[in-house]
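*Asks:* Using only what follows, build the 3D model:
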Amino acid sequence: MTHIDAGAELDPVHPIPTDVAVTGLSAAEVAERVARGEVNDVPVRSSRSTVDIVRANVFTRFNAIIGVLWVIMLFVAPVQDSLFGFVILANTAIGIVQEWRAKKTLDSLAVIGEARPTVRRDGVASEVSTSDIVLDDLIEIGPGDKAVVDGVCIEADSLEIDESLLTGEADPVLKQPGDQVMSGSFVVAGGGAFQATKVGREAYAAQLAEEASRFTLVHSELRTGISEILKYVTWMMIPAAIGLIITQLVVKDNDFKDSIARTVGGIVPMVPEGLVLLTSVAFAIGVIRLGRKQVLVQELPAIEGLARVDTVALDKTGTLTEGGMDVTELRPLQGAEEPYIRQVLGALGESDPRPNASLQAIINAYPDSDSWRCTESLPFSSARKYSGASFSEGNGESSTWLLGAPDVLLADTDPTLAETDRLNEQGLRVLLLARVSHDLDDPEVAQGARPTALVVLEQRLRPDAADTLRYFEEQNVRAKVISGDNAVSVGAVASKLGLSGTTVDARRLPADKDGMAQALDDGTVFGRVTPQQKRDMVGALQSHGHTVAMTGDGVNDVLALKDADIGVSMGSGSEATKAVAQIVLLNNSFATLPSVVAEGRRVIGNITRVATLFLVKTVYSVLLAILVVCFQVEYPFLPRHLTLLSTLTIGIPAFFLALAPNKERAKPRFVRRVMRYSIPGGVLAGLATFATYLIARHYYTGDGALDAETSAATLTLFLISMWVLAIIARPYTWWRVLLVAAMGAGFLVVLIVPWLQDFFALKLVGVTMPWIAVGIAVVAAVALEVLWRWVDRRFSA
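*Replies:* Predicted structure coming up:
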């Protein structure tokens, strides 16, 4: 097919064959295109390939540094000094396996939540996978459907398409046959069909997705912060490592292999090798846990993002209420006869091939008698708040009707509105059936509408909505109900769910951002909100420093979901809504949201704790290297000593702490929060350890003195590191106490069992020096406790 620009006429040289335009491709034509590779092979948005996962976990800067050092140690030292390399191999394998598990979870959920467009082939319409669409396929679309490929409009029945996500143009575009349909746009009203002219990576939205929708899109303060920390660590490592190499290999006249071992022993602990791994594993396990609850996380840091949210904007329909409704009452107005009204409503239901929830309830209550013929229809639009149709009645008469919001179709002074207000106060939805004299394509069609009947609909409240709203209130997350329905009705529904606060009609909101933000801060429930207003409301809240999550399921929520910090869609929502949301609740349960918040808090809170553990080690390692250079002495440790300490005081505990429950509200400034503890903690640990080492150098003499000095220094460093772990593990639970005690017991076993003493070259000599080492560690632990409490008060974040 020739590419057709928006608004262009069909190319007369290459007309679309009539049979294709009506019946779609045949099975043979589809097979031909598949053979030529003309299929919609767009990559899955939520995942990355296994190769990418392996590459991301293996080929890292720190793995390269440690890998080189490991190879050197394998040649020059006993295997126990090379243990750190095996630990890195195990860490990398764990990271790959967990991310692969997360990938499988995401991919399987993505298939469940995937849009399945309706394609017409051989004259039969059927749903197919997005990836099964081929070039020239005829794709049927209706309200809420997203155009998944580029194409040209073939059929249009009042087809209105929103292209704002692509062009920024706020108003929907009325499409006629021959007009271009861009992938990424979505239908807001009407229906039709278009023929695919560009598929796969050639499609407009796919080109955008290639650049912008890979694996991680949402800003992650955790990942950004860790990258920043690693940058600082690298700059600290380079001069310290160079100085250590010169001191140990050139200045000190020791055994060459021993000097290399001690140099490597000084460099390896500077690398926070497990920090990135544990962050990835925490995210991956979060995805797996949420996957079990039918939550599709389309962008991983969205887990973190929802935990930082302080305002949740909720669409009422489909979020607080279930999708379905029931007609509870029909009230004729101005002497209209009920049988005739029933006939009108039945005909209106039949006139719309893709009814919304309100019209579906009317169809269920008033089936069509087939005696009326629809001559023209106006589909429902969230912006208009009404739909309509013109009929040729069975007796030869013709009439035009509108069905929609009473407060939109009637003047403010109309007495009918008083009755609708009373019904709205009970939380009921009220639609007005009105007869009009203007044509449906007249912009003033509602002018002079004659009210004929009120249709009263009851909305089904979600049984879990009240508990979820209560959870957000307890967590100091403000809920704002934003709906296109009547403000009084929405307020009554919110009140039934225990949500108190001011109810506001959005048509009276200030237009400027600051004024709107202030009104949003003051109010709780907002009715008669247009799709563009929803978007403006999200922007206004963000302008006042709020982190906003938006939940919704309808096509009128798409713009707001796209602009919100975190967009949450129901699994039953429109294709367009699910496409822009970062989180999709496939089980359609609003009650799942607290689980997502809790998972995010677990990730953020625990990684903050664990990062402190890793960086205390980095700080004291760099400081020890600097002190060794300044004092011109042997580095106090072999790699085996620090491998043992790292495993017992950081590696094993960090893994458990990173995956533990954590309900603490997420706090900003991750880097500052971590560094304010790790720098003073690391400096104190380094100074205390080096003090023990210098005292031991004066205390021990003769053969084996260096091993005794190393053992004393190791004891001090282990005890201080254990105290750091004990502080990080607070508040204590039975398993946290058990974890800290088990790590202490592990070190005690090494000191007691003879072959472990030899394996790790750890043997405490005499009584005096070991007790001095313990005394220095106790003083340092007390100082650490006081220092961290002072830091808490002085630099609270």
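
*Asks:* residues contacting Ala453?
*Replies:* If you count contacts by Cβ atoms under 8 Å, 6 or more residues apart in numbering, Ala453 has them with 330-333, 336, 341, 345, 432-433. For glycine as for every other residue, the C-beta is placed from the backbone atoms N, C-alpha and C.

*Asks:* meant to ask about Thr692
*Replies:* By Cβ under 8 Å, 6+ apart, the neighbours of Thr692 are 712-713, 715-716, 772-773, 776-777.

*Asks:* Trp235 versus that one, what's the distance?
*Replies:* From Thr692 across to Trp235, the span is 28 Å (Cβ to Cβ, to the nearest Å).

*Asks:* What does the nearest residue to Ala347 once chain neighbours are set aside show for phi and psi?
*Replies:* Nearest non-adjacent residue to Ala347, counting by Cβ to Cβ, 6 or more residues apart in numbering: Trp372, 4.2 Å away. Main-chain dihedrals, Trp372, degrees, to the nearest 10: phi -100, psi 150.

*Asks:* Lowest-confidence entry in the contacts of Ala453?
*Replies:* Ranked by pLDDT, those bottom out at Ala336 (86).

*Asks:* Let me see the contact set for the nearest residue to it once chain neighbours are set aside.
*Replies:* Ranked by Cβ to Cβ, 6+ apart and with sequence neighbours excluded, the top spatial neighbour of Ala336 is Thr452, at 4.8 Å. Each residue near Thr452 by Cβ under 8 Å, 6+ apart is listed here: 332-334, 336, 341, 344, 401, 433-435.

*Asks:* which element is Thr452 on?
*Replies:* Here Thr452 sits within strand 450-461, counting by DSSP states H and E.

*Asks:* So what's the residue count around Glu785?
*Replies:* By other Cβ atoms under 10 Å, 13 other residues sit near Glu785.

*Asks:* Count the neighbours of the closest residue to it other than its chain neighbours for me.
*Replies:* The shortest distance from Glu785 to any non-neighbouring residue, by Cβ to Cβ, 6+ apart, is to Ile727 (7.2 Å). Here the number of neighbours of Ile727 (other Cβ under 10 Å) works out to 18.

*Asks:* so how far is Tyr677 from Ile727?
*Replies:* 9 Å.

*Asks:* Next: Val149.
*Replies:* 52 Å.

*Asks:* go on, Pro415?
*Replies:* Taken as Cβ to Cβ, the span from Pro415 to Tyr677 is 68 Å.

*Asks:* Neighbour count: those two, which is higher?
*Replies:* Neighbours were counted for Pro415 and for Tyr677 using other Cβ under 10 Å; Tyr677 has more, 25 against 9.

*Asks:* Please tell me the pLDDT value assigned to the residue nearest to Ala347.
*Replies:* 85.

*Asks:* Would you agree it is in contact with Gly396?
*Replies:* No. Contact criterion Cβ atoms under 8 Å: Trp372 and Gly396 do not qualify, at 11.2 Å.

*Asks:* which of those two has more neighbours?
*Replies:* Trp372 (23 against 6).

*Asks:* Quick one: residues contacting the more buried one.
*Replies:* Taking Cβ under 8 Å, 6+ apart, we find Trp372 in contact with 343, 347, 350, 391-394.

*Asks:* Spatially, what comes nearest to Ser126 if we skip its sequence neighbours?
*Replies:* With Cβ to Cβ, 6+ apart, the residue lying closest to Ser126 is Val119, at 6.6 Å.

*Asks:* What about the one you found, how many residues nearby?
*Replies:* Counted with other Cβ under 10 Å, the neighbours of Val119 add up to 23.

*Asks:* Name the next helix or strand downstream of the helix or strand of the chain at the bottom of the mean pLDDT ranking, please.
*Replies:* Within the chain, no helix or strand scores below helix 204-212, which has a mean of 52 by mean pLDDT, DSSP states H and E. Per DSSP H and E, the first helix or strand lying C-terminal to helix 204-212 is helix 221-246.

*Asks:* Output whichever helix or strand comes after that following helix as CSV, restricted to C-alpha atoms.
*Replies:* Using DSSP H and E, the helix or strand that follows helix 221-246 in sequence is helix 256-267. The C-alpha trace of helix 256-267 is given here as CSV (Å, rounded to 0.1, in the frame of the first residue of the first chain):
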residue,chain,number,x,y,z
PHE,A,256,56.3,-11.0,46.5
LYS,A,257,53.3,-13.4,46.5
ASP,A,258,52.4,-12.3,50.1
SER,A,259,52.6,-8.7,49.0
ILE,A,260,50.3,-9.3,46.0
ALA,A,261,47.8,-11.1,48.2
ARG,A,262,47.7,-8.3,50.7
THR,A,263,47.4,-5.7,47.9
VAL,A,264,44.5,-7.6,46.4
GLY,A,265,43.1,-8.0,49.9
GLY,A,266,43.0,-4.2,50.2
ILE,A,267,41.4,-3.5,46.8
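
*Asks:* For helix 256-267, which helices and strands make contact with it?
*Replies:* Packing partners of helix 256-267 (3 or more Cβ pairs under 8 Å, 6 or more residues apart in numbering; DSSP states H and E): helix 61-76, helix 221-246, helix 593-631, helix 639-646.

*Asks:* one step back: what is the helix or strand that contains the residue nearest to Glu785 packed up against?
*Replies:* Per DSSP H and E, Ile727 falls inside helix 705-728. Here helix 705-728 touches helix 593-631, helix 639-646, helix 670-699, helix 734-752, helix 768-794, going by 3+ Cβ pairs under 8 Å, 6+ apart.
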